[in-house]
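1. Show me the folded form of this:
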Amino acid sequence: MQLMTTHFGVSSGRKNMKVSETDKKLTFKLSCNENTANTMWNCKADVEIYVKPILDGKIEYSKIEKVLDDQKTFDYKNKHMEVSIGVDQLGLETETLENYHFEVQTNLRLKRIYGYRKRKVLDYTVEHPRFSNGVIVIDERKIYVNKQILAMHSKYFNNLFFGDFNEKGQSTVQIHEVSYEGFITFLDFIHPTGRRIESSFVEGLMEVADLFMADRVMEYCEEFLIKTEIIEKAQKMIWAEKYSLHNLMNECLHTFKSVKSLLELKKSDLYFDISDEIKSSLLERAVQLHKEKHAPSNATSSVYMF
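-> From the prediction side, this is the model:
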């Protein structure tokens with residue numbers, strides 16, 4: 001028996017779902033703001049948890065089990081809730097359990113939030129007559145957009161909608177180069193949603209911004225990468241080179257304060273993905289550090305290999 005766990009975040013704090021199996025029981029632990037020291041928050045939510053048995057890659061809809069359907073309140077004293085279900089309650093033969101995978105679906109409907117500013121969530125699947133004047137189709141799913149907003153932020157869409165292309169007069173345009181979820185995320189950063197970039201999707205967002213030549217969105221990603229400490233330097237430099245993020249590359253290079261810290265980079269799993277061009281910049285940084293450390297009168301010759 002194998003489990004697919006669900007992790008998700010919403011604007012009113014960070015929520016995580018963890019699933020474990022012990023003594024023929026599945027235990028579900030839902031936590032909210034688990035690592036925060038802030039006490040000035042709470043939220044009330046309707047919580048539904050479903051277990052979906054999967055056999056041979058197909059969900060057995062007749063055997064879906066609702067584990068929980070309740071309203072819960074989370075605050076700094078009650079950051080967790082836990083519920084268990086016996087494997088025998090899933091209605092499956094014990095001897096066939098090893099053949100199953102299980103997908104866990106968690107639905108949260110926030111009823112009340114205190115201590116957070118609610119982020120504006122735009123539904124691009126619904127037409128807004130006052131604002132929508134175009135349709136983008138991705139994976140056979142319609143996304144309602146404003147052509148002018150897209151064109152202001154993206155050279156690609158400016159050329160597509162207002163240049164000498166066949167799509168210029170069309171109200172519906174199909175796009176195949178990007179995923180549906182990736183495009184929805186991109187839209188959030190060219191509209192006033194207040195959404196913040198996260199490490200979990202920054203790479204995908206850069207890919208979309210690069211594809212659609214959306215310079216400001218790429219700048220948002222660069223600003224995030226400069227500030228975050230979650231992503232290691234080697235990865236940042238690889239992305240900086242790939243997407244021509246000059247400020248990010250400079251910031252990464254200047255975080256190395258000694259030759260020893262530069263040599264530590266060789267321990268990274270990504271070291272062999274670093275290009276010769278980046279290694280040349282690292283060597284130049286090593287030379288700078290050497291010059292800063294040694295006065296001209298007593299300078300010595302040193303060789304650094306990257």
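
2. Verify the stated contact: residue 25 with residue 87.
-> Yes: proximity of residue 25 to residue 87 meets the contact threshold set by CB atoms under 8 Å, at 6.6 Å. (Glycine included, C-beta is placed from N, CA and C.)

3. more neighbours, these two?
-> residue 87 (16 against 13; other CB atoms under 10 Å).

4. Let's see the pLDDT reported for the more buried one.
-> Listed pLDDT for residue 87 reads 70.

5. Likewise for residue 3?
-> The score at residue 3 is 41. That number is its pLDDT.

6. Can you report how many residues neighbour residue 42?
-> Close neighbours of residue 42, defined as other CB under 10 Å, add up to 20.

7. Now it: closest residue in space that isn't a chain neighbour?
-> Closest residue in space to residue 42, ignoring its immediate chain neighbours: residue 75 at 3.7 Å, by CB to CB, 6 or more residues apart in numbering.

8. ditto for residue 141
-> Distances taken as CB to CB, 6+ apart place residue 180 nearest to residue 141, at 5.4 Å, with adjacent residues excluded.

9. Next: residue 105.
-> In space, residue 105 comes closest to residue 50 once its chain neighbours are excluded; the distance is 4.4 Å by CB to CB, 6+ apart.

10. counting contacts, what elements does the host helix or strand of that neighbour pack onto?
-> Per DSSP states H and E: residue 50 is located in strand 42-55. Helices and strands touching strand 42-55, by 3 or more CB pairs under 8 Å, 6 or more residues apart in numbering; DSSP states H and E, are strand 25-32, strand 65-75, strand 80-86, strand 101-114.

11. For this protein, which segments count as helices?
-> Applying DSSP state H to the chain gives helices spanning 147-153, 155-162, 180-188, 202-211, 215-227, 233-242, 246-254, 259-263, 276-293.

12. Out of these, the one nearest residue 42 is which?
-> When these are ranked by proximity to residue 42, the top entry is helix 180-188, at 26.0 Å, counting by CB to CB.

13. in that closest one, what's buried?
-> Neighbour counts over helix 180-188 (16 or more other CB atoms under 10 Å) mark 182-188 as buried.

14. what mean pLDDT does that helix have?
-> Helix 180-188 shows a mean pLDDT of 96.

15. got a list of contacts for that helix?
-> Identification of contacts with helix 180-188 by CB atoms under 8 Å, 6 or more residues apart in numbering yields 122, 124, 136, 138-139, 141, 143, 145, 175, 178, 195, 201, 204-205, 207-209, 212, 214, 217.

16. what does stretch 26-40 give?
-> The contact list for stretch 26-40 (CB under 8 Å, 6+ apart) reads 3, 13-21, 41, 43, 47, 49, 51, 67-68, 72, 74, 76, 79-85, 87, 102, 104, 106, 115.

17. same check, this time on stretch 199-209
-> By CB under 8 Å, 6+ apart, the residues outside stretch 199-209 that reach it are 178-179, 182-183, 185-186, 189, 197, 214-215, 217-218, 220-221, 224-225, 228, 230-231, 239, 243.

18. I'd like to know which of those are buried.
-> Buried subset of these (neighbour count, 16+ other CB under 10 Å): 178, 182-183, 185-186, 189, 197, 214, 217-218, 220-221, 224-225, 239, 243.
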